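# can you look at this prediction? I've put the sequence above it.
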Amino acid sequence: MILGIECTAHTFGVGIVNKGKILANVRDMYVTEFGGIVPTESAKHHKNVAEKLYQEAIKTASIKEKEILAIALSNAPGLAPCLFAGLDFAKEKAKKLKVKIIPVNHCIAHLEIGRSVGSSDPVLLYASGANTQIIAYAAGKYRVFGETLDIGVGNFIDKFARHLGLGFPGGPQIEQLARNGKYIELPYTIKGMDVSFSGLQTKLQQLHKQGKNVEDLAFSLQETAFSMLVEAAERAMAHTGKNELVLGGGVACNSRLQEMCRIMCNERNAKFFCPEKPLLVDNAAMTAFTGEIMHNAGISFPPEKIEIKPRERTDDVKVIWR
Ligand code: AMP
Ligand code: MG
């Protein structure tokens, strides 16, 4: 059994995996009444819920603590106070159980969990609040083929939702509004495999001030921003010759984005993998799942050797497990 801990931003989670099978995946999200994440507050949240979720995961998986072989920790990248909260908890448990810790890069975990639904060598379209990246394996590492040049796609959507006076998270509400919208042409910015949302942001706000229909704006936002992402992902697939696409991140819960990915994959005879929602959003099953693969490749360290890496890049990690 590998026990995984997710802690990089707003979500604290505990997952348990055995031979690729997910036995538990419990989580709790730090939410705010108003505004975004305050890192130190989110870290406090993590400390408060950690023990409860740990016990809940063990109960859900119906295992004994002594069956835990190692602890996988999402030690990078993320908000330092949140990562510290996770590290402290992982160290405490690892010392008590006398097991080692496997340091797992959060973005890589989003990619590896694609294996649980059948992918083997995919391009990952990672579309979350803060992160927007197109990642695939090449020459010993997971490389970032494309990414946002300004803000993450989820933060972009949330910002426009906030502008409309809607609460957080804005994504699901924009998706609802978009159902009855019509298309308005908007700035479409893609440079190679990189995307940018600031021009789109400004234009949307201007059109809203001019009194344009909110449903049309929501619809056109989705059509434009998601087309950019799908185009970049398709370029990465063409460039690398890979014929699998995996989705990850909170924005990947959007059914229009999923539909666009499915159409693109069908058109180029590629396979499309979209994990279930509990595995798309930040979760610890993906940490445990990736941790198990890494552990099988001999990667694990004594607790005192583990540190957090808030700014670790996806391609900083040497991938010796594939
Ligand atoms: P994450 O950062 O991966 O936890 O994802 C959170 C982000 O996903 C937020 O920016 C949400 O607004 C966004 N999100 C969640 N559900 C949807 C949806 N159905 N459509 C678009 N964005 C969404
Ligand atoms: Mg994430």
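Ah, there it is. Numbers count the residues shown, from 1 in each chain. Ligands and ions are numbered 1, 2, ... in the order given.

# quick check: buried residues in stretch 80-94?
Residues 81-87, 89-91, 93-94 are the ones in stretch 80-94 that count as buried (16 or more other Cβ atoms under 10 Å). No exception for glycine: its C-beta is placed from N, CA and C like everyone else's.

# got it, and stretch 119-126?
Quick answer for stretch 119-126 (16+ other Cβ under 10 Å): 119, 122-126.

# please identify the residues of the stretch 1-150 of the chain in proximity to ligand 2?
Within the stretch 1-150 of the chain, the positions near ligand 2 by Cβ under 5 Å from the ion are Ser128.

# show me what from the stretch 1-150 of the chain comes close to ligand 1.
On the criterion Cβ under 6 Å from any ligand atom, ligand 1 has as its neighbours in the stretch 1-150 of the chain the residues 128-130.

# take the residues you listed and lay them out in JSON lines including distance to Val99, neighbour count and pLDDT.
Below are these laid out as JSON lines (distance: Cβ to Cβ, whole Å; neighbours: other Cβ atoms under 10 Å; pLDDT from 0 to 100):
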{"residue": "Ser128", "distance to Val99": "30", "neighbour count": "23", "pLDDT": "95"}
{"residue": "Gly129", "distance to Val99": "32", "neighbour count": "24", "pLDDT": "92"}
{"residue": "Ala130", "distance to Val99": "31", "neighbour count": "20", "pLDDT": "89"}
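
# just name the closest of those to Phe145, please.
Ser128 (16.9 Å; Cβ to Cβ).

# so the closest one sits against Gly152, correct?
Yes: the pair Ser128 / Gly152 is scored as a contact, 6.3 Å apart, by Cβ atoms under 8 Å.

# show me the shaky parts of the chain.
Counting by pLDDT under 70, the ranges of the chain that qualify are 35.

# the stretch 1-150 of the chain: strands as residue ranges?
Assigned by DSSP state E, counting those that start in this stretch, the stretch 1-150 of the chain shows strands spanning 2-6, 11-18, 21-29, 70-76, 100-105, 123-127, 132-138, 141-147.

# which parts of this structure are helices?
39-60, 80-97, 106-112, 153-163, 171-178, 198-209, 214-240, 255-267, 277-280, 285-296 (DSSP state H).
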